[in-house]
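# using only what follows, build the 3D model:
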Amino acid sequence: MNMKYHIWLISVICLIIGVSCNRTSRSSGVSLQEDLYAFIDSLSGTVGVAFVSEGDTVTVNNGAHYPMMSVFKMHEALAVANTLERSGISLDTILSINRVDLDLDTWSPMLKEYTAERFTVPVSRLMEYAVTKSDNNASNLLFRHIVSPTETDAYIRSIAKDTTFRIQYSEAEMKADHALSYCNYTSPLSAALLIKQVMEEPVVGKNYQDSIRQYLSTVTTGQDRLGSVVEGSDVMLFAHKTGSGFRNEAGELMAHNDVGYFRLRDGRSYAIAVLIRDFAGTEAEASAIIADISRLVYRHVTSTQGNP
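Prediction:
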């Protein structure tokens with residue numbers, strides 16, 4: 001065989017194989033994206049989704065800015081941990097709190113535990129309340145005593161793999177002016193990448209990060225959202241942070257969110273963010289949408305060993 005022809009033939013074969021492999025990878029990736037678009041096209045509001053696994057990223061409506069609401073308490077916990085670590089301060093550090101400084105008319109399970117007019121509470125307990133129960137008073141106290149919203153924004157911006165987010169206001173400020181909720185925003189991909197980073201990579205000191213991972217893995221809010229797939233599945237670890245919003249002037253839900261991390265029995269893992277903004281339905285209907293998307297993604301992941 002002519003040497004030039006032999007080389008040309010090998011090159012053609014390699015090109016065909018390469019194109020074939022690329023088509024397989026791309027088509028399987030597009031399959032999830034197409035299924036997601038098909039599902040959300042008829043829904044009211046804007047639904048954004050980001051899926052991130054080893055080497056694979058799929059996004060839908062990622063260009064919009066979604067009010068984070070309580071999702072930012074994951075960011076806040078990281079910023080608090082960083083501030084304490086840099087100062088050589090333990091998570092068990094005690095804060096002295098006056099009940100008069102608390103908001104008695106907000107979502108705050110800690111009010112049932114701390115009933116005295118003046119009480120002490122460890123920083124770790126406030127972080128636990130803020131993350132696991134999405135407690136607004138706990139979040140406000142951490143912002144007031146440890147790290148501000150803008151300092152939180154600056155710190156997360158220094159470590160994040162996607163900086164399409166903004167944290168400017170506390171829960172107290174958003175309660176006073178609901179429109180400010182739109183100023184604390186994120187893209188789905190930014191949120192998904194951050195929770196994946198927290199669960200898989202060193203971000204802050206081990207003791208601090210282990211606590212945050214534990215809190216994210218024991219969140220009690222929004223069990224009817226992303227976590228609806230966990231029972232009876234191959235999921236060995238599920239960690240997440242929810243966020244729910246006020247209604248805007250049009251009567252729409254400003255936000256209804258869940259950002260989660262899944263580790264499966266076979267060792268694979270993935271992160272997913274489902275963020276809904278300006279939704280005309282009920283919270284239960286918004287939660288059902290998030291649950292349906294979570295099941296759709298889980299089916300794709302478990303039906304293939306390659307790209308979803």
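
# ok, now which ones touch residue 36?
49, 58, 60, 293, 296 (Cβ atoms under 8 Å, 6 or more residues apart in numbering). In short, each C-beta sits where N, CA and C put it, glycine included.

# repeat that for 7 Å
Taking Cβ atoms under 7 Å, 6 or more residues apart in numbering, we find residue 36 in contact with 49, 60, 293, 296.

# pull the most distant pair out of these.
In those, the most distant members under the criterion Cβ to Cβ are 60 and 296, with 11.2 Å between them.

# and the helix or strand hosting residue 157, what does it pack onto?
Residue 157 is part of helix 149-159 when elements are defined by DSSP states H and E. Contacts defined by 3 or more Cβ pairs under 7 Å, 6 or more residues apart in numbering; DSSP states H and E place helix 149-159 against helix 72-87.

# what residues does the helix it packs on touch?
91, 123, 127, 130-131, 134, 139, 142-143, 146-147, 151-152, 155-156, 167, 184, 195, 198, 203-205, 208-209, 212, 215-216, 241.

# stretch 266-277 too?
Counting contacts by Cβ under 7 Å, 6+ apart, the residues touching stretch 266-277 from outside are 45-53, 64, 66-67, 188, 191-192, 195-196, 226, 254-263, 286, 289-290, 293-294, 297, 301.

# beta-bridge partners for the residue nearest to the spatial centre of the chain, please?
Nearest residue to the geometric centre of the chain (Cα atoms, centre = their mean): residue 259, 2.9 Å. With DSSP bridges as the criterion, residue 259 is bridged to residue 241, residue 273.

# again, but for residue 185
Going by DSSP bridges, residue 185 forms beta bridges with residue 67, residue 166.

# quick check: it vs residue 42, distance?
As judged by Cβ to Cβ, to the nearest Å, residue 185 and residue 42 stand 25 Å apart.

# of the two, which one has the most company?
Neighbour count, other Cβ atoms under 10 Å: between residue 185 and residue 42, residue 185 has more, with 22 against 6.

# so the more buried one sits right up against residue 69, yeah?
No: if you go by Cβ atoms under 7 Å, residue 185 and residue 69 don't touch, sitting 9.9 Å apart.

# my read: residue 97 touches residue 119, true?
Yes: under the criterion of Cβ under 7 Å, residue 97 makes contact with residue 119 at 5.7 Å.

# tell me which of those two has more neighbours.
Higher neighbour count among residue 97 and residue 119: residue 97, with 21 against 14, using other Cβ under 10 Å.

# mind telling me what element the more buried one is part of?
Element membership for residue 97 (DSSP H and E) is strand 94-98.

# now residue 57
Assigned by DSSP H and E, residue 57 falls in strand 56-60.

# which strands or helices does that strand pack on?
Using 3+ Cβ pairs under 7 Å, 6+ apart, strand 56-60 sits against helix 3-40, strand 46-53.

# what's the mean pLDDT across the shortest one?
Model confidence over strand 46-53 averages 98 on the pLDDT scale.

# show me what that strand packs onto, helices and strands only.
Using 3+ Cβ pairs under 7 Å, 6+ apart: strand 46-53 touches helix 3-40, strand 56-60, helix 188-200, strand 269-279, helix 283-302.

# what does stretch 55-62 rub up against?
29, 32-33, 36-37, 40, 46-51, 187-189, 307-308.

# for that stretch, list the C-alpha coordinates in PDB.
The C-alpha trace of stretch 55-62 is given here as PDB (Å, rounded to 0.1, in the frame of the first residue of the first chain):
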ATOM      1  CA  GLY A  55     -17.100  16.400  33.100                       C
ATOM      2  CA  ASP A  56     -20.700  17.300  32.200                       C
ATOM      3  CA  THR A  57     -22.700  20.500  32.500                       C
ATOM      4  CA  VAL A  58     -26.200  21.100  31.300                       C
ATOM      5  CA  THR A  59     -28.000  24.400  31.800                       C
ATOM      6  CA  VAL A  60     -31.500  25.700  30.900                       C
ATOM      7  CA  ASN A  61     -32.400  29.400  31.200                       C
ATOM      8  CA  ASN A  62     -29.100  30.100  32.900                       C
END
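
# quick one: buried residues of it?
Buried residues in stretch 55-62, counted by 16 or more other Cβ atoms under 10 Å: 56, 58-62.

# please apply the same query to stretch 243-263.
Using 16+ other Cβ under 10 Å as the test for burial, stretch 243-263 gives 243-245, 248, 252-263.

# quick check: end-to-end length of that stretch?
Distance across stretch 243-263, first residue to last, is 22 Å (Cα to Cα, to the nearest Å).

# let's have the contacts of residue 36 in a markdown table, adding distance to residue 161.
Shown next, in a markdown table, are the contacts of residue 36 (distance: Cβ to Cβ, whole Å):
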| residue | distance to residue 161 |
| --- | --- |
| 49 | 18 |
| 60 | 19 |
| 293 | 22 |
| 296 | 25 |
